[in-house]
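>>> How does the following fold in three dimensions:
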Amino acid sequence: MFYDFAKRFIDIIGSFLALILCFPLIAIFAVLIKLTSSGPIFYRPTRVGKNGRLFKMLKFRSMHMYRIRGKTVHARQYLENNPKLKKQYQENSFKLTNDPRVTPIGKILRRFSIDELPQLVNVLKGDMSLVGPRAYQPDELKHQQTVYPQTKKFAKLILVARPGASGPWQVSGRSHINFDKRAQMDAVYVKRRSIVYDLWIIAKTPFSMIIGTGAV
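Numbering: from 1, shown residues only. Okay, the predicted model is just below:
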């Protein structure tokens with residue numbers, strides 16, 4: 001259909017141009033991450049994509065690496081081994097305010113969503129779109145549907161579309177919005193999606209990044 005063809009065309013051209021324009025910023029923060037904390041520059045968490053297919057999302061690493069039982073692990077594994085922190089994380093819609101795992105540079109990255117810029121590579125590959133529903137973690141999607149059973153109908157609709165580097169949630173408050181409302185927003189987006197609506201979200205995204213509302 002026309003929408004799918006036009007959307008993919010915009011994704012390819014838009015992500016390619018954005019990578020070129022943002023390359024100096026990407027290069028600067030890649031160096032800063034490497035100089036200020038030990039560990040890799042990038043982080044590749046698993047996310048749920050279109051039709052439930054799992055993929056590796058590319059992000060700047062914004063958290064410390066930890067030593068657990070003699071092995072160096074990412075902050076994600078540290079969370080899994082810290083029951084108190086994990087409980088707080090799950091109860092707060094899979095977000096932590098003043099997260100102790102975040103590095104000083106990571107706070108800047110997350111405050112202005114710079115950690116998300118590498119996702120443009122996922123857009124080029126076709127794992128994601130420039131605009132779409134939020135890319136959910138597999139365990140987050142499962143856990144939150146248990147907490148908010150009314151969102152199961154939203155989740156089915158959300159997985160019809162490719163997740164987006166930006167979307168209605170990202171430009172409307174981010175972490176200030178709980179999972180049930182976020183899932184509903186994403187489902188509404190899938191129902192009403194159009195090229196005009198996508199372009200409106202794309203135009204609004206840079207402003208949302210600058211003001212950083214809801215970032216954690």
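>>> can you give me the helices in the protein?
Assigned by DSSP state H, the chain shows helices spanning 2-36, 75-80, 83-91, 104-111, 119-125, 138-147, 152-158, 179-192, 195-211.
>>> Save these as TSV, and put in distance to Phe42, mean pLDDT and mean neighbour count too.
Using the backbone N, CA and C atoms, a C-beta is placed for each residue, glycine as well. TSV is the format used below for those (distance: least, C-beta to C-beta, whole Å; pLDDT from 0 to 100; neighbours: other C-beta atoms under 10 Å):
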stretch	distance to Phe42	mean pLDDT	mean neighbour count
helix 2-36	8	96	14
helix 75-80	14	83	17
helix 83-91	22	81	13
helix 104-111	12	93	18
helix 119-125	10	97	20
helix 138-147	20	85	15
helix 152-158	26	91	17
helix 179-192	25	90	19
helix 195-211	19	89	15
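>>> out of those, nearest to Trp169?
helix 179-192 (5.0 Å; C-beta to C-beta).
>>> from the chain's centre, how far out does that closest one sit?
Remark: helix 179-192 is offset 15 Å from the chain centroid, using C-alpha atoms, centre = their mean, to the nearest Å.
>>> do stretch 77-96 as well
For stretch 77-96, the distance to the chain centre is 17 Å (C-alpha atoms, centre = their mean).
>>> Endpoints of it, how far apart?
End-to-end distance of stretch 77-96 (C-alpha to C-alpha, to the nearest Å): 15 Å.
>>> Need the helices of the chain in TSV (columns: distance to Gly164).
Output for these, formatted as TSV (distance: least, C-beta to C-beta, whole Å):
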stretch	distance to Gly164
helix 2-36	9
helix 75-80	22
helix 83-91	23
helix 104-111	18
helix 119-125	9
helix 138-147	16
helix 152-158	11
helix 179-192	8
helix 195-211	8
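>>> Determine which of those approaches Pro45 most closely.
With C-beta to C-beta as the criterion, Pro45 lies closest to helix 75-80 of these, at 6.9 Å.
>>> Which among the helices of the chain is found nearest to Ser62?
Across the helices of the chain, closest to Ser62 is helix 104-111 (C-beta to C-beta), at 3.1 Å.
>>> by contact count, what packs against the closest one?
helix 2-36 (3 or more C-beta pairs under 8 Å, 6 or more residues apart in numbering; DSSP states H and E).
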